[in-house]
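J.: A predicted structure for the sequence below; I have some questions about it.
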Amino acid sequence: MENNIDNSDEIILGSGDLYMDEFSGDIPEDSAIETDDKRVGNIKGGATLEYSQTSQTVKDDMGRVRKTITTEEDVKFKTGLITWVQAWMQALISTARVDTTSKPGHRIYKIGGLNNKNGKRPLLRFVHTRDDGRKLRVTITGRNTGTVSLAFTNEKPTQVDAEITAGTLDKDGTLVIIDDEMLEDAAAANVEPEATPEEE
């Protein structure tokens with residue numbers, strides 16, 4: 001495999017776009033989820049993907065043998081939006097409802113009441129686009145486990161922050177998928193040559 005660590009084109013700098021769909025067990029094709037009607041808003045402050053694990057070390061009383069095992073994994077995706085579609089609020093707060101009919105010309109958010117849980121599980125796709133057009137995609141599903149706050153101040157725009165704690169994407173227990181488009185020469189170097197039929 002070719003080493004591209006000294007290629008400045010591999011530097012990741014900048015934010016991206018966030019898309020959302022309802023997770024049904026299958027991850028849609030890139031072209032199906034990365035559409036304008038599934039983009040949830042405009043990000044401010046970038047996005048952060050965090051992986052952490054809990055470990056336990058077991059050792060004998062005399063300290064001669066020890067073994068460390070991972071007992072738990074945790075993945076969180078954090079970002080904030082300064083403009084957003086109404087479905088974003090409903091994804092962050094499972095009891096949120098949006099009423100656009102009872103008061104013409106108004107959008108009314110109603111939040112709370114455990115009986116109003118929508119039971120939906122969002123699929124989130126964050127896409128960072130490099131200067132040369134290559135994309136880095138982060139795919140995650142889960143629920144918001146952070147505090148949702150709306151601050152109205154003179155200094156900063158009102159922003160809705162999310163802290164999504166990942167759920168599993170497949171039967172293997174995958175918590176996040178990071179899909180990074182490679183440079184053409186690196187991609188070519190990773191393609192195994194086709195086997196040639198043996199001569200008779």
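T.: Ah, there it is. Every value quoted in this text rests on a predicted model; they were computed, and no experiment measured them.

J.: for this structure, what helix or strand is lowest in average pLDDT?
T.: Lowest by mean pLDDT, DSSP states H and E among the helices and strands of the chain is helix 184-189, with a mean of 59.

J.: OK, contacts around Thr79?
T.: Each residue near Thr79 by Cβ atoms under 8 Å, 6 or more residues apart in numbering is listed here: 18, 43, 45-48, 126, 161-162. Glycine gets a C-beta too; all of them are placed from N, C-alpha and C.

J.: try Gln86
T.: Taking Cβ under 8 Å, 6+ apart, one finds 98, 107, 109 in contact with Gln86.

J.: give me the neighbour count for the second one.
T.: So that's Arg107. 9 (other Cβ atoms under 10 Å).

J.: for Thr153, see how far away it is.
T.: Arg107 is 22 Å from Thr153, where distance means Cβ to Cβ, to the nearest Å.

J.: again with the first one
T.: Using Cβ to Cβ, Val98 is found at 25 Å from Thr153.

J.: what do you get for Gln53?
T.: Distance from Gln53 to Thr153, by Cβ to Cβ: 37 Å.

J.: equivalent analysis for Ala32, please.
T.: 38 Å.

J.: all helices for this structure, in order.
T.: Along the chain, the stretches classed as helices by DSSP state H are 30-33, 86-92, 184-189.

J.: quick check: which of the ones you listed is buried the most?
T.: helix 86-92 (a mean of 19; mean count of other Cβ atoms under 10 Å).

J.: and that helix, what's its mean pLDDT?
T.: Mean pLDDT, computed over helix 86-92, is 92.

J.: can you check stretch 101-113 too?
T.: For stretch 101-113, the per-residue pLDDT averages 95.

J.: how far does that stretch stretch from one end to the other?
T.: Distance between the two ends of stretch 101-113: 21 Å, counting by Cα to Cα, to the nearest Å.

J.: now that stretch, how far from the chain's geometric center?
T.: 28 Å (Cα atoms, centre = their mean, to the nearest Å).

J.: what's the local residue count around the nearest residue to Thr139 once chain neighbours are set aside?
T.: The spatial neighbour of Thr139 that comes closest, neighbours along the chain excluded (Cβ to Cβ, 6 or more residues apart in numbering), is Ile177 at 4.4 Å. Neighbours of Ile177 under the rule other Cβ under 10 Å: 13.

J.: show me where this structure has strands.
T.: Along the chain, counting by DSSP state E, strands occupy 17-22, 41-59, 66-84, 97-99, 108-110, 122-129, 135-144, 160-166, 177-180.

J.: Asn4 is nearest to which of the ones you listed?
T.: strand 177-180 (11.1 Å; Cβ to Cβ).

J.: may I have that closest one as PDB, with CA atoms only?
T.: Provided in PDB are the C-alpha atoms of strand 177-180 (Å, rounded to 0.1, in the frame of the first residue of the first chain):
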ATOM      1  CA  ILE A 177     -18.600   4.100   9.300                       C
ATOM      2  CA  ILE A 178     -15.900   6.500   8.000                       C
ATOM      3  CA  ASP A 179     -15.700   6.400   4.200                       C
ATOM      4  CA  ASP A 180     -12.700   8.400   2.800                       C
END
